[in-house]
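**Q** missing the sequence, but the structure's below:
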């Protein structure tokens, strides 16, 4: 009976590509052209942010120019995609276009990127939205990614550990210094959830890393509240040479 219902649903709503909408074989998949146009991160990467690097492993910690110029307060970070082409379109669709179904495969991609970061008793925490923006958007895309990632990795997730104290405005077009200044003191830990992070490793999740100002503000808040090591994971990373 269940199989018949599933078949009927597939006939009414055939699987379509997340990128362009053409029919595909399975739900939440990409067609061949969209897969080729989606820049997945692989090979040698920056240990701090996950952006791809040229060369090979030499046994030492390797970081990109941005992370050497602006030392990160977290232990290590990874990203699943480079923020361009089809990846950029999907991130924007998830963030602003109500395409919440993208969070499911995105969490799978992020889980693969995070395999070197996972630790025992790790807690997954999403970057928060200010309540005014959450009301307007109706969902926090980072929380959707964090929830899906927790299911993928078999880890606990607490969506409301962090709180954004003030609305910081759009950061697009601002310099690195302006981004860090705008985020200073803007994020704190929910006092009712502080016990969830005490002496515990945290995997901090966001949709996109640009300058790292938001992730840094979240990391500092988590450290102040007593968290152990903090690691970061984003769906996509803005890369200068992208």
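**A** That came in fine, so what should we check first? Everything numeric here is computed off the predicted structure, so don't read it as measured data. Numbers count the residues shown, from 1 in each chain.
**Q** end-to-end on stretch 37-44?
**A** Start and end residues of stretch 37-44 are separated by 20 Å (CA to CA, to the nearest Å).
**Q** Report the buried residues of that stretch.
**A** For stretch 37-44, burial by neighbour count (16 or more other CB atoms under 10 Å) applies to 37-39, 41. For the C-beta atoms, the positions are set from N, CA and C on the backbone; glycine is no exception.
**Q** what about the chain, any weak spots by pLDDT?
**A** 1-14, 25-28, 241-242 (pLDDT under 70).
**Q** And the helices in it, which stretches?
**A** Along the chain, counting by DSSP state H, helices occupy 2-12, 32-36, 65-69, 85-96, 103-113, 131-137, 141-153, 176-183, 194-197, 213-224.
**Q** Which positions in the third one come out as buried?
**A** In terms of neighbour count (16+ other CB under 10 Å), helix 65-69 has its buried residues at 66-67.
**Q** what's the offset of it from the middle of its chain?
**A** Mean-position distance between helix 65-69 and its chain equals 20 Å (CA atoms, centre = their mean, to the nearest Å).
**Q** And the second one, by the same measure?
**A** With CA atoms, centre = their mean as the basis, helix 32-36 stands 22 Å off its chain's centre.
**Q** List the contacts of it.
**A** 17-20, 86 (CB atoms under 8 Å, 6 or more residues apart in numbering).
**Q** which one of those has the most neighbours?
**A** residue 18 (25 neighbours; other CB atoms under 10 Å).
**Q** what comes up buried for stretch 83-100?
**A** Buried residues in stretch 83-100, defined by neighbour count with 16+ other CB under 10 Å: 83, 85-91, 93-95, 99.
**Q** Closest one to residue 190 out of these, please.
**A** Set against residue 190, the nearest of those by CB to CB is residue 95 (22.9 Å).
**Q** how much space is there between residue 20 and residue 93?
**A** Noted for residue 20: a distance of 11 Å to residue 93, by CB to CB, to the nearest Å.
**Q** who touches residue 140 in this structure?
**A** For residue 140, the contact set (CB under 8 Å, 6+ apart) comprises 126, 128-129, 134, 159.
**Q** Identify, from the residues you listed, the entry nearest to residue 209.
**A** Lowest distance from residue 209 to these (CB to CB) belongs to residue 126, with 13.6 Å.
**Q** so what's the closest one bridging to?
**A** Under DSSP bridges, the beta-bridge partners of residue 126 are residue 205.
**Q** Surely it touches residue 149?
**A** No. At 9.1 Å, residue 126 and residue 149 do not qualify as touching, with contact defined as CB atoms under 8 Å.
**Q** Now the common contact residues for the two.
**A** Common neighbours of residue 126 and residue 149, counting by CB under 8 Å, 6+ apart, are 157, 205.
**Q** now residue 237, nearest residue through space, not along the chain?
**A** Distances taken as CB to CB, 6 or more residues apart in numbering place residue 79 nearest to residue 237, at 3.7 Å, with adjacent residues excluded.
**Q** Now stretch 176-195: buried residues?
**A** 179-180, 182-183, 186-190, 193.
**Q** again with stretch 105-115
**A** Neighbour-count burial for stretch 105-115 flags 105-107, 109-111, 113-114 (criterion: 16+ other CB under 10 Å).
**Q** Figure out how far that stretch is from the centre of its chain.
**A** How far stretch 105-115 lies from its chain's middle: 9 Å, per CA atoms, centre = their mean.
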